[in-house]
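Engineer: sharing a sequence plus its predicted fold:
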Amino acid sequence: MVDGCGLWKLFWSISLPVVRPGLNALAILVFIMSWNEYLFALFPAGSYAQALTVGITRLMGGVEAGAQYGVIAAYASLIMLPVIIFALVANRYIVTGMTAGAVKG
């Protein structure tokens, strides 16, 4: 052990700061991929509880009714809003993760 450091202190002081940029980038990718998962939300939910992405397809209507493009665009912007906010907040971590091993100063 390093200077009498315990196992947990070693993990929190040395290991975690090294892998933190990678964990942050992974969290961002997992959030975006799970937010955009359409097929997983389509089948288990049924008609009682639906994700927003599945609900948008219900607005497409048939040939006679036509698609409600204004409502679809409004829902699509609401669906994208959390991902955009999350990306803006996490931008600092994305840049840190990309440049972590590039240059040592």
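Structural biologist: Happy to help now that I have it. The shown structure was predicted, so the numbers you read here are calculated from the model rather than taken from an experiment. Numbering: from 1, shown residues only.

Engineer: and the gap between residue 26 and residue 33?
Structural biologist: In this view, residue 26 and residue 33 are 10 Å apart by CB to CB, to the nearest Å. Yep, even glycine has a C-beta here, placed from its N, CA and C like the rest.

Engineer: and residue 11, by the same measure?
Structural biologist: Counting by CB to CB, the gap from residue 11 to residue 33 is 28 Å.

Engineer: quickly find the element holding the residue most central in space within the chain.
Structural biologist: In the chain, the centroid-proximal residue (CA atoms, centre = their mean) is residue 31; its distance is 2.0 Å. In the assignment (DSSP states H and E), residue 31 maps to helix 16-35.

Engineer: pull out the buried residues from that helix.
Structural biologist: Across helix 16-35, burial judged by 16 or more other CB atoms under 10 Å covers 21, 24-25, 28, 35.

Engineer: closest to residue 3 out of those residues?
Structural biologist: For the buried residues of helix 16-35, the residue nearest residue 3 by CB to CB is residue 21; the value is 25.3 Å.

Engineer: in the chain, what helix or strand scores lowest on average pLDDT?
Structural biologist: Least confident helix or strand, the chain: helix 39-42 with a mean of 70, by mean pLDDT, DSSP states H and E.
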